[in-house]
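>>> just coords:
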């Protein structure tokens, strides 16, 4: 699979596709980049700017791109079931001058659920860290 178009693995459309580039990836991890966090019309930006908690969405989207690259998964096959051990090192993302670097490492899992350890940095400085549990949609009763 090619990492040239990470947006094809994201369930979102338009400007909600936050991952802009894949820097590197292998079977167990992915490193993505995004420079859209300073955009005045960012879709998650509120009156006070883009809150650091939205780094979790960048992390979740990096896991979706990784899942697609590794398994050829179609967008929307997993959803975030749990957010654990979240730590934010900044208050806002929109005032960070450097691009966001989003690293997601596959920590555990199987076809039904996976866990990723994610870190977001900017200019080499920590922004956020979080563990995400993603669950396959196909196993959800209707």
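Right, received. Where do you want to start? Just so it is clear, the model here is predicted, and its values are computed rather than measured.
>>> Residue 64 is in contact with residue 11, correct?
Yes - using C-beta atoms under 8 Å, residue 11 makes contact with residue 64 at a distance of 6.8 Å. Where C-beta positions appear, they are placed from N, C-alpha and C, glycine not excepted.
>>> Between these two, point out the one with more neighbours.
The neighbour comparison of residue 11 against residue 64 (other C-beta atoms under 10 Å) goes to residue 64, with 26 against 16.
>>> What does residue 11 show for phi and psi?
The phi and psi torsions at residue 11 (degrees, to the nearest 10) take the values phi -70, psi -10.
>>> same deal with the one 4 residues further on?
As for residue 15, its main-chain torsions (degrees, to the nearest 10) stand at phi -70, psi -10.
>>> how close does the nearest residue to it once chain neighbours are set aside get to residue 83?
For residue 15, ignoring the flanking residues on the chain, the nearest one in space by C-beta to C-beta, 6 or more residues apart in numbering is residue 43 at 4.8 Å. According to C-beta to C-beta, to the nearest Å, residue 43 stands 20 Å off from residue 83.
>>> For the most centrally placed residue in the chain, give me phi and psi.
Geometric centre of the chain, nearest residue: residue 59, 2.4 Å, by C-alpha atoms, centre = their mean. Backbone torsions for residue 59, taken as degrees, to the nearest 10, come to phi -60, psi -40.
>>> contacting residues for the nearest residue to it once chain neighbours are set aside?
Closest residue to residue 59 in three dimensions, ignoring its sequence neighbours and counting by C-beta to C-beta, 6+ apart: residue 118, at 3.7 Å. Counting by C-beta atoms under 8 Å, 6 or more residues apart in numbering, residue 118 makes contact with 59, 62-63, 102-105, 128-132.
>>> swap in residue 97?
122-123.
>>> thought residue 62 was touching residue 32?
Yes - counting by C-beta under 8 Å, residue 62 touches residue 32, with 4.6 Å between them.
>>> For this protein, which segments are assigned as helices?
With DSSP state H as the criterion, the chain has helices at 55-71.
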